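**Student:** coordinates for the following, if possible.
(2 chains)
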2 protein chains.
Amino acid sequence: MLRFTEMFNGAGFAVDVYGARKYSTPFQEIMLLETEAFGKILVLDGAVQTTDRDEFVYHEMIVHVPLLTLGRKPEKILVIGGGDGGTVREVLKHDPERVDMVEIDREVVELCKREFPEISSGLSDERVSIYYEDGREFVRDKENEYDAIIVDCSDPTGPSAVLFSKDFYEDVKRALKEDGVFVTQSESPFAQRKEFLMIVSNLTKVFSTVRPYLVFIPSYPSGMWSFTFASNGKDPLTVSPEELSERIKDVVRRTSSKFKYYNLEIHYGAFAIPNFIIDEFKK
Amino acid sequence: MLRFTEMFNGAGFAVDVYGARKYSTPFQEIMLLETEAFGKILVLDGAVQTTDRDEFVYHEMIVHVPLLTLGRKPEKILVIGGGDGGTVREVLKHDPERVDMVEIDREVVELCKREFPEISSGLSDERVSIYYEDGREFVRDKENEYDAIIVDCSDPTGPSAVLFSKDFYEDVKRALKEDGVFVTQSESPFAQRKEFLMIVSNLTKVFSTVRPYLVFIPSYPSGMWSFTFASNGKDPLTVSPEELSERIKDVVRRTSSKFKYYNLEIHYGAFAIPNFIIDEFKK
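**Tutor:** You can find the predicted model right below:
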């Protein structure tokens, strides 16, 4: 039995593998692992991105927290990255008029359409346009256009580095409508502390409301992952439980789907941040 | 470089090791690992128990949630297991008159006193009595004696199996004072789903209030760990934030210590349980 191990500074996630395929693209190295424990696993440049078993955590939590905070039917949503399609699948549950997805690496999308048919199922929806471009460039000339912008990308090393800069966030702010919401994956506060703090700090320079939140993703470094919500006013914590409960019911009723991770208590509870992380902000 | 890997059904935690010592006791195999990533690591029967780097999560969360729910100065507290001393260290912050610790394996305690001096620092406190006995037997003849009972033990395989049975919980209930509080470590709902559900189910047969809660422990299977609170009335979720905030301030003021994980938001937020776990309770 082969074993794949993803180590961060001497510790990490290990999984037994019974099949592995490798591909090189102009942007990155792709590995597709087959495992008993987590089903198929997509690995980019050595880092686990998506697994059959726990992808629902990442994709539900990056989408439903900001879109249920938005609190109205979105017209236009932008997803930057998200090549496996899981984020678009969840975004579609909010009945948008249109979704733009900007993914730099066409080969990731093609592979995921073949290998992760359930996760990528939304990519063929007629409301979805996929642009194989640099997400950084794509937002540069947009203004007041999107209800929500979601950055679902890899670590701030490699091709995604530019998606965490203050300059990029200024473009994002301009591309958002006045009451729009933004969310980005923001690394592990435990395993990638410096990167997490850099992201939150850059967002704070641009947006008036910035709120990191935490989720359990067993296949990611340390299992403690974060997303950071940002906006110019909308706040996930000031939506009342009664109102949020109605919004959740609407989505569940309309889509006949059930959330596997997200719920009312998780919406608020995910924003509880342990002291060792809060203390870092005070330094 | 050596690498230690703890696998659960084909996936798990890996850490690079630069030193390792092994001991056999009449009860279990002990391994003491030295690592850059997590400092010293105590391993019992192949399972990580305690690491220098993330022990604070386990020990703060198993202690402060129930004892700040109790809401009064405790006279007598019972810790079952807890050989590394971390639970007793946190318990002492609540100014109890007396702490009984019942640990079956004297050699674990002796080793931790030598190798984890900070974690085990409370074990020499004059209010603490250590009994090297079977915890299951110890509680059998106790009645209306403890303000809090805390089970800080290894997996429900090996020597700790009896500490998760309905019969044991009935003895615990008898050993508790009327308004006493109980907490047990209750495994990973992700990696040890069956064991987690068995524990919660057994507690529900005995106590009127049973509340599992979740914490991030990077060195444990899947990184998603649980504790379960139980009582005959006291409820961590019905303490008001104002009252809880005062209780926290009292502990911090009196002990001049700071919590590294636990805080007001974490107290409530830890009880937010993802749907995939809630759904299991409905089956």
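
**Student:** residue contacts, whichever residue of the stretch 101-250 of chain A sits closest to chain B?
**Tutor:** Sorted by distance to chain B under CB to the nearest CB, the residues of the stretch 101-250 of chain A start with A:Gly223, at 1.8 Å. Yep, even glycine has a C-beta here, placed from its N, CA and C like the rest. Applying CB atoms under 8 Å, 6 or more residues apart in numbering or on different chains to A:Gly223 gives the contacts A:Phe13, A:Phe216, A:Ile217, B:Phe216, B:Pro218, B:Ser222, B:Gly223, B:Met224.

**Student:** not counting its neighbours along the chain, what's nearest it?
**Tutor:** Across the structure, with CB to CB, 6 or more residues apart in numbering or on different chains as the measure, the residue nearest A:Gly223 apart from its sequence neighbours is B:Gly223 (1.8 Å).

**Student:** pLDDT value on that neighbour, please?
**Tutor:** Per-residue confidence at B:Gly223 stands at 97 (pLDDT).

**Student:** next, it: phi, psi?
**Tutor:** phi 80, psi -10 (degrees, to the nearest 10).

**Student:** buried only: go through the contacts of A:Gly223 for me.
**Tutor:** A:Phe13, A:Phe216, A:Ile217, B:Phe216, B:Pro218, B:Ser222, B:Gly223, B:Met224 (16 or more other CB atoms under 10 Å in any protein chain shown).

**Student:** out of the residues you listed, flag the one nearest to B:Met31.
**Tutor:** Distances from the buried ones among the contacts of A:Gly223 to B:Met31 were compared by CB to CB; the smallest belongs to B:Pro218, at 18.5 Å.

**Student:** if I read this right, that closest one contacts B:Phe56, doesn't it?
**Tutor:** No: at 11.7 Å, B:Pro218 does not count as touching B:Phe56 under the criterion of CB atoms under 8 Å.

**Student:** tell me, what's touching those two both at once?
**Tutor:** Contact with both B:Pro218 and B:Phe56 is made by no residue, according to CB under 8 Å, 6+ apart.

**Student:** now do the contacts for A:Val15.
**Tutor:** In this structure, A:Val15 makes contact with A:Arg3, A:Phe4, A:Thr5, A:Leu33, A:Thr35, A:Ala37, A:Phe38, A:Ile41, A:Ser219, B:Gly10, B:Ala11, B:Gly12, judged by CB under 8 Å, 6+ apart.

**Student:** PyMOL command to pick out the buried ones of those residues?
**Tutor:** Restricted to the buried members of the contacts of A:Val15, where burial is judged by 16+ other CB under 10 Å, the PyMOL selection command reads as follows:
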select buried, (chain A and resi 3+4+33+35+37+38+41+219) or (chain B and resi 10+11+12)
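
**Student:** with distance to B:Lys282, secondary structure and pLDDT added, can I get the contacts of A:Val15 in JSON lines?
**Tutor:** As requested, these are arranged in JSON lines below (distance: CB to CB, whole Å; DSSP: H, G, I helix; E, B strand; the rest coil; pLDDT from 0 to 100):
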{"residue": "A:Arg3", "distance to B:Lys282": "36", "secondary structure": "strand", "pLDDT": "96"}
{"residue": "A:Phe4", "distance to B:Lys282": "34", "secondary structure": "strand", "pLDDT": "97"}
{"residue": "A:Thr5", "distance to B:Lys282": "36", "secondary structure": "strand", "pLDDT": "97"}
{"residue": "A:Leu33", "distance to B:Lys282": "33", "secondary structure": "strand", "pLDDT": "98"}
{"residue": "A:Thr35", "distance to B:Lys282": "28", "secondary structure": "coil", "pLDDT": "98"}
{"residue": "A:Ala37", "distance to B:Lys282": "25", "secondary structure": "coil", "pLDDT": "97"}
{"residue": "A:Phe38", "distance to B:Lys282": "25", "secondary structure": "coil", "pLDDT": "98"}
{"residue": "A:Ile41", "distance to B:Lys282": "29", "secondary structure": "strand", "pLDDT": "98"}
{"residue": "A:Ser219", "distance to B:Lys282": "26", "secondary structure": "coil", "pLDDT": "98"}
{"residue": "B:Gly10", "distance to B:Lys282": "27", "secondary structure": "coil", "pLDDT": "96"}
{"residue": "B:Ala11", "distance to B:Lys282": "26", "secondary structure": "strand", "pLDDT": "97"}
{"residue": "B:Gly12", "distance to B:Lys282": "29", "secondary structure": "strand", "pLDDT": "96"}
